[in-house]
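J.: take this sequence and fold it.
(one chain, ligands or ions: 1)
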Amino acid sequence: MASEVQSFDVVIIGGGPGGYATALYGASAGLSIALVEKDKVGGTCLHRGCVPAKEFLETAHVRRTIAHSSDFGVNVADVTVDFSVSQSRKNEVVDVLFKGVSGLLKGRKVTVFSGLATVLADGTVSVVDGADAGVTLAGAHVVLASGSIPRTIPGFDVTGSLIVTSDEFLDLTTLPSSAVVIGGGAIGCEFASMLADMGSHVTILEGLPSILTGCDTEVAGVVQRAFKKRGIEIRTSAQVTGHTPNEAGTRTAVHVDGGDDVEVDMVVVSVGRAPRTEGLLAEGTGVEVNERGFVVTDSLMRTANPKIFAVGDIVAGTPQLAHVAFAEAIVVIKSILGESPLPVDYDRVPWAIYSNPEVAFCGLTEAAAKERGYDVVVKKDPFGGNSRARIIGDTDGVVKIIAEKRPDGTAGQLLGVHMAGPWVTEQLGAGYFAVNWEATAEEAALLIQPHPSLSETFGETLLALAGRGLHVG
Ligand code: NAI
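T.: Sure thing, here's the model as predicted:
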């Protein structure tokens, strides 16, 4: 076992988006960086989250396109799905990106250690497991970026085949013919949508009164209606109490409090993600961890120990999104460099959910704006009147924009842009800019959208908000 102490400007624990972004950005600024990763750099996002999930959703998109190709006069016979090919394609995509991240780290001279790291009371980092076990790292600054793991619920022990979380789901080579998805959040809706498009019968069991609770209610309503139209059953305010597998363990009956059982081939548990902080911090580091295990930071990502920062999914009270972790990484490095960064404005970060229909938003929902005491002006435009949406045959959706109401009743500063519909995850950029630039409705409405394009629905909504729409009242 090695026993040397190696010193760096920054020692990072975890090589996911939060950790590797801190490393890359810090190395670009000339800092010496050590990164400890127990598995593969890229983290959950690249290996067990965003990227593989979107790859499967793209598979679903291809199948859906073929299923509707006869609407365009393109007839395709005998569509079959070999999901093992989708799985291989996904692995290839992930592998290329993994090599890309590894290459970037190497190119910027980040020293990557392999193993599990613990922060000791004196602030040094000890690698306690893995190929580099025994190494001790001393950093002028330490960044905790150990990420999160799927949360599970009592009565649904993960078996890897009958009961799965996103971790196991993303490694499947065949899809179930029927599935219960427990939890109608971002992961639940993406998986339910993908399974339904691939031909599975899906039931979502959501504990709260609606799915996608963080979204604007009208946007969530669009998804709910589109899902129902595609045969996805949605049971809200549903409390699952357990399940009873058949003898062969190939099917199970999911029990719902006060309701009928749902018999399926697979149960996907998507009820949130828990912080991965076990073993991360020895006694006496001074880092505050809340009752749910998340690390508490100030707005500049500093923990209660001034030399230790945290970024990404382990941070308390912040969205668990890769791009938020990227932004936090930049804040950390700028803080270390004394460049007085602006904190991440969590109210205005972009959200993108890749279900069919897609959802994308930033800023306050109508309800949140009202709760905060704003008088609001709200305009919305459905995609049904958009020529490009008609051309591509994908018209389910809406753009809804919320602005602060001025004393004269007109719309002032934009507070939130909320979208559901075709390719909205790619369209949100303009809305994100407008909200974060603190543009008014008139300012944003001056921008011209190309015709025919899906983005015209955003432009039309802005025009209406500014007082006079062309096609929207
Ligand atoms: P989530 O917190 O978004 O949704 C979990 C849902 O499960 C909630 O609606 C909750 O009410 C429900 N739930 C909790 N316990 C339940 C129970 N016992 N029975 C029935 N329903 C129950 O968590 P999710 O979807 O697992 O995602 C985890 C994190 O990853 C989230 O922070 C999410 O934002 C992020 N993520 C974001 C994506 C995106 O933006 N495209 C994609 C995937 C994940």
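J.: from here on, just use CA atoms for contacts and neighbour counts.
T.: Noted.
J.: for the protein, longest helix please?
T.: If you go by DSSP state H, the chain has its longest helix at helix 83-107.
J.: who does whichever helix or strand comes after it touch, helix- and strand-wise?
T.: Moving toward the C-terminus from helix 83-107, the first helix or strand encountered (DSSP states H and E) is strand 111-114. Counting contacts by 3 or more Cα pairs under 8 Å, 6 or more residues apart in numbering; DSSP states H and E, strand 111-114 packs against strand 33-37.
J.: give me the mean pLDDT for the strand it packs on.
T.: The average pLDDT for strand 33-37 rounds to 98.
J.: and that strand with helix 83-107, angle?
T.: Calculated by axes from the mean of the first three to the mean of the last three Cα atoms, to 10 degrees, strand 33-37 forms an angle of 150 degrees with helix 83-107.
J.: and stretch 227-237, what's buried?
T.: For stretch 227-237, a neighbour-count test (16 or more other Cα atoms under 10 Å) marks Phe227, Ile232, Glu233, Ile234, Arg235, Thr236 as buried.
J.: quick one, what contacts the first one?
T.: Looking back up the chat, that one is Phe227. Shown in contact with Phe227 (Cα atoms under 8 Å, 6 or more residues apart in numbering): Ser193, Glu233, Asn356.
J.: now go through the residues you listed and say which are in strands.
T.: Among the contacts of Phe227, the residues falling in strands (DSSP state E) are Glu233.
J.: hang on, the earlier thing: for the longest helix of the chain, name the packing helices and strands.
T.: On a contact count with 3+ Cα pairs under 8 Å, 6+ apart, helix 83-107 meets helix 17-28, helix 43-48, helix 50-67.
J.: now it, how far from the centre of its chain.
T.: Centroid displacement of helix 83-107 relative to its chain, using Cα atoms, centre = their mean, to the nearest Å, is 19 Å.
J.: run through the chain and note the low-pLDDT ranges.
T.: 1-3, 473 (pLDDT under 70).
J.: right, and the helix or strand after the top strand by length along it?
T.: Using DSSP E, we find that the single longest strand of the chain is strand 411-421. Per DSSP H and E, the first helix or strand lying C-terminal to strand 411-421 is helix 424-436.
J.: export that next one to PDB, keeping only CA atoms.
T.: Extracted in PDB, the C-alpha atoms of helix 424-436 (Å, rounded to 0.1, in the frame of the first residue of the first chain):
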ATOM      1  CA  VAL A 424     -38.900  22.100 -27.000                       C
ATOM      2  CA  THR A 425     -35.800  21.000 -25.200                       C
ATOM      3  CA  GLU A 426     -33.900  22.500 -28.200                       C
ATOM      4  CA  GLN A 427     -36.200  25.500 -28.300                       C
ATOM      5  CA  LEU A 428     -35.900  26.600 -24.700                       C
ATOM      6  CA  GLY A 429     -32.600  28.500 -25.300                       C
ATOM      7  CA  ALA A 430     -34.300  31.700 -26.500                       C
ATOM      8  CA  GLY A 431     -36.700  31.700 -23.600                       C
ATOM      9  CA  TYR A 432     -33.800  30.900 -21.200                       C
ATOM     10  CA  PHE A 433     -31.900  33.900 -22.500                       C
ATOM     11  CA  ALA A 434     -34.900  36.200 -22.300                       C
ATOM     12  CA  VAL A 435     -35.700  35.300 -18.700                       C
ATOM     13  CA  ASN A 436     -32.100  35.400 -17.500                       C
END
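J.: hmm, it touching the ligand?
T.: No - figure legend: helix 424-436 not in contact with the ligand (Cα under 6 Å from any ligand atom); closest approach 9.2 Å.
J.: ok, Val76 - contacts?
T.: Taking Cα under 8 Å, 6+ apart, one finds Ile66, Ser69, Ser70 in contact with Val76.
J.: at 10 Å instead, please
T.: Residues in contact with Val76, defined by Cα atoms under 10 Å, 6 or more residues apart in numbering, are Ile66, Ala67, His68, Ser69, Ser70.
J.: where does the last one land in three-state SS?
T.: Meaning Ser70. Secondary structure assignment for Ser70 (DSSP: H, G, I helix; E, B strand; the rest coil): helix.
J.: any idea whether the residue nearest to it when sequence neighbours are not counted is helix, strand or coil?
T.: Counting by Cα to Cα, 6 or more residues apart in numbering, Ser70 lies nearest to Val76, which is 7.4 Å off, once chain neighbours are set aside. State at Val76, reduced to three classes by three-state DSSP: coil.
J.: can you check Ala220 too?
T.: helix.
J.: who in the protein is up against the ligand?
T.: 182-188, 205-208, 211-213, 239-240, 270-273, 319-321, 351-354.
J.: now, these that are in strands?
T.: In strands, defined here by DSSP E, the members of the residues of the chain next to the ligand are Ile182, Leu205, Val240, Arg273, Trp351, Ala352, Ile353.
J.: domains of this structure?
T.: According to automatic domain parsing, the chain comprises the domains 5-150+275-346, 163-271, 357-466.
J.: list the contacts of the residue nearest to the spatial centre of the chain.
T.: The chain has Leu321 as the residue nearest its centroid, 4.6 Å off, counting by Cα atoms, centre = their mean. Taking Cα under 10 Å, 6+ apart as the contact definition, Leu321 lies against Pro17, Gly18, Cys45, Cys50, Gly312, Asp313, Val349, Pro350, Trp351, Ala352.
J.: taking helix 424-436 as reference, get the angle to the longest strand of the chain.
T.: Between strand 411-421 and helix 424-436, the angle comes out at 170 degrees (the same axes, to 10 degrees).
J.: sorry, back to before: pull out the buried positions in the longest helix of the chain.
T.: By neighbour count with 16+ other Cα under 10 Å, helix 83-107 contains the buried residues Phe83, Ser86, Gln87, Arg89, Lys90, Asn91, Val94, Leu97, Phe98, Val101, Ser102, Leu105.
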